[in-house]
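A.B. asks: model this:
(one chain, ligands or ions: 1)
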Amino acid sequence: MPRVANHAIEPLILNRFSPRAMNGQPLTDALLLQVLEAARWAPSAANFQPWRFLYAQAGRPEFAQFLTFLDTYNAEWCVNAGALLIVLSKTTTPDGKPLGPHAFDAGAAWMALALQASALGLVGHAMGGIFADKIRAELAIPAEFAIHCAVALGHKGDIAALPERLRPRETPSDRRPLAESIAAGAFPPAWK
Ligand SMILES: Cc1cc2nc3c(=O)[nH]c(=O)nc-3n(C[C@H](O)[C@H](O)[C@H](O)COP(=O)(O)O)c2cc1C
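C.D. replies: Below is the predicted model:
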């Protein structure tokens, strides 16, 4: 069903969604960098830009390793990704103090890249179903970097090639009404 906004917003925002069907075609350097460039321009606290992205393009030796970082549910459909990303953020400032908004900023960067992927007609799909300890150990990620998510990027593929249970989910999801997420002033009891 087509999405309907409660208030007029940019079609790019409304129409971005997280498909899973991809065709296995590797993402070229040019496309990958174009998508990551969008993340680069996200806003961040004090412009610290705490986000970092590790990537593996399909067809490169590290792609098989990155697939093992995904839980079995995600690995099943990500075999056809064109590239896999791991989203990290630096949890400290350049002078070593804790950086409170590092996760918020990394989230903004993910959204920017997701919108760019969508604008290019690509799949961009975040995944929390990852083995963070394995990622940290195998990719030698220092303790001051948080591991947030993986992201599958790829060229759209045939829905019929997806496992049957995933096919009905290959459609834009809805959202609760805006009024349930906002309140003027104090915290509303309804949110508890
Ligand atoms: C932080 C985060 C973690 C997610 N984890 C997974 C995941 O492990 N597997 C999956 O298939 N989708 C995952 N998703 C996709 C969400 O289910 C999806 O974004 C949500 O249902 C809204 O749908 P839409 O992105 O198509 O609008 C994740 C999304 C985000 C932002």
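A.B. asks: And the helices in the chain?
C.D. replies: 11-15, 29-40, 61-67, 72-78, 102-119, 132-138 (DSSP state H).
A.B. asks: what's the longest one packed up against?
C.D. replies: This points to helix 102-119. helix 11-15, helix 29-40, strand 51-57, strand 83-90, strand 122-127, strand 145-155 (3 or more CB pairs under 8 Å, 6 or more residues apart in numbering; DSSP states H and E). C-beta coordinates here come from the backbone N, C-alpha and C atoms, glycine included.
A.B. asks: picking that back up, which one of the helices of the chain lies closest to the ligand?
C.D. replies: For the helices of the chain, the distance to the ligand is smallest for helix 72-78, at 5.0 Å, taking CB to the nearest ligand atom.
A.B. asks: residues in contact with that closest one?
C.D. replies: Under the criterion CB atoms under 8 Å, 6 or more residues apart in numbering, residues 20-22, 67-68, 70, 84, 127, 129-130, 150, 152, 162-163, 166 lie in contact with helix 72-78.
A.B. asks: Please indicate which of those are buried?
C.D. replies: R20, A21, M22, L67, L70, L84, M127, I130, A150, A152, L162 (16 or more other CB atoms under 10 Å).
A.B. asks: Between these, which sits nearest the ligand?
C.D. replies: M127 (3.7 Å).
A.B. asks: Could you tell me the end-to-end distance of stretch 25-33?
C.D. replies: End-to-end distance for stretch 25-33, by CA to CA, to the nearest Å: 16 Å.
A.B. asks: Distance of the residue nearest in space to the middle of the chain relative to A114?
C.D. replies: Residue closest to the mean C-alpha point of the chain, counted by CA atoms, centre = their mean, is A126 at 3.2 Å. Going from A126 to A114 by CB to CB, to the nearest Å gives 7 Å.
A.B. asks: joint contacts of the two?
C.D. replies: Looking at what touches both A126 and A114 (by CB under 8 Å, 6+ apart), the common residues are V151.
A.B. asks: picking up where we left off before, redo the helices and strands packed on helix 102-119 as CSV? Include distance to the ligand.
C.D. replies: Below are the helices and strands packed on helix 102-119 laid out as CSV (distance: least, CB to the nearest ligand atom, whole Å):
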stretch, distance to the ligand
helix 11-15, 10
helix 29-40, 14
strand 51-57, 14
strand 83-90, 9
strand 122-127, 4
strand 145-155, 5
